[in-house]
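*Asks:* sequence unavailable; structure follows:
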């Protein structure tokens with residue numbers, strides 16, 4: 001296997017990896033705040049809001065991400081009356097699917113983080129004269145994110161790997177170019193190269209979250 005061949009197959013895969021990275025950042029930036037909002041809804045005293053949040057989490061976590069992507073990409077346009085208004089670019093549809101799916105997982109992570117905080121923290125803040133907003137912003141949220149950080153890191157790494165599902169909805173990403181090279185050249189080497197690229201991306205992400213964890217311990 002020549003170096004020239006490795007360069008030849010790696011260049012298009014790196015181009016595909018740009019789509020992978022773009023999807024990752026869009027999904028992570030949008031799904032984390034959405035997940036926190038869903039957590040607040042699930043803990044709301046309003047039973048209607050809480051029921052909607054719990055149902056959403058159950059449905060999104062209980063069905064495969066691939067099924068959700070296929071439904072958003074190919075199912076929504078088939079809906080009567082409104083279907084024609086729900087036609088989206090494949091990449092946009094994939095982003096919507098990833099955001100909605102991962103928001104449900106992050107909502108459960110944040111809920112676990114809130115449950116890990118001792119109730120005495122709320123009582124102490126009340127004794128000190130903190131308002132509900134001050135208690136949440138200065139005491140509860142920092143502790144919640146510190147507790148939830150390892151789970152957020154694991155879920156983020158899973159998100160990097162799940163971006164390979166773009167292949168199923170015909171978005172040309174890393175795996176698409178690897179499969180194209182395998183079919184064209186009758187060699188599995190492109191799969192190994194793709195695997196190395198995924199490993200490098202997850203390594204960078206792992207190092208980033210380890211740095212965040214170390215930093216959070218000193219705050």
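*Replies:* Great, that's in hand. Nothing here was measured: the structure is a model prediction, and the numbers come from that model.
*Asks:* any stretches of the protein with poor pLDDT?
*Replies:* Applying pLDDT under 70 to the chain picks out residues 1, 217-219.
*Asks:* that one: helices as residue ranges?
*Replies:* In the chain, the helices defined using DSSP state H lie at 3-42, 47-62, 65-70, 90-115, 119-127, 132-135, 141-162, 174-185, 189-217.
*Asks:* to residue 78, which of the ones you listed lies closest?
*Replies:* helix 65-70 (11.5 Å; CB to CB). Quick note: C-beta positions are derived from backbone N, CA and C, even for glycine.
*Asks:* other SSEs contacting that closest one?
*Replies:* helix 90-115 (3 or more CB pairs under 8 Å, 6 or more residues apart in numbering; DSSP states H and E).
*Asks:* so who does residue 139 touch?
*Replies:* Each residue near residue 139 by CB atoms under 8 Å, 6 or more residues apart in numbering is listed here: 121, 125, 130.
*Asks:* out of these, which are buried?
*Replies:* Buried by 16 or more other CB atoms under 10 Å: 125, 130, out of the contacts of residue 139.
*Asks:* adding distance to residue 83, write the helices of the chain out as CSV.
*Replies:* Shown next, in CSV, are these (distance: least, CB to CB, whole Å):
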stretch, distance to residue 83
helix 3-42, 24
helix 47-62, 20
helix 65-70, 15
helix 90-115, 13
helix 119-127, 47
helix 132-135, 43
helix 141-162, 27
helix 174-185, 27
helix 189-217, 35
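*Asks:* can you tell me which of the ones you listed is packed in deepest?
*Replies:* helix 90-115 (a mean of 21; mean count of other CB atoms under 10 Å).
*Asks:* rewinding a little: looking at the helices of the chain, which is nearest to residue 77?
*Replies:* Taking CB to CB, helix 90-115 is the member of the helices of the chain nearest to residue 77, at 9.5 Å.
*Asks:* tell me which other helices or strands the closest one touches.
*Replies:* Counting contacts by 3+ CB pairs under 8 Å, 6+ apart, helix 90-115 is packed against helix 3-42, helix 47-62, helix 65-70, helix 141-162.
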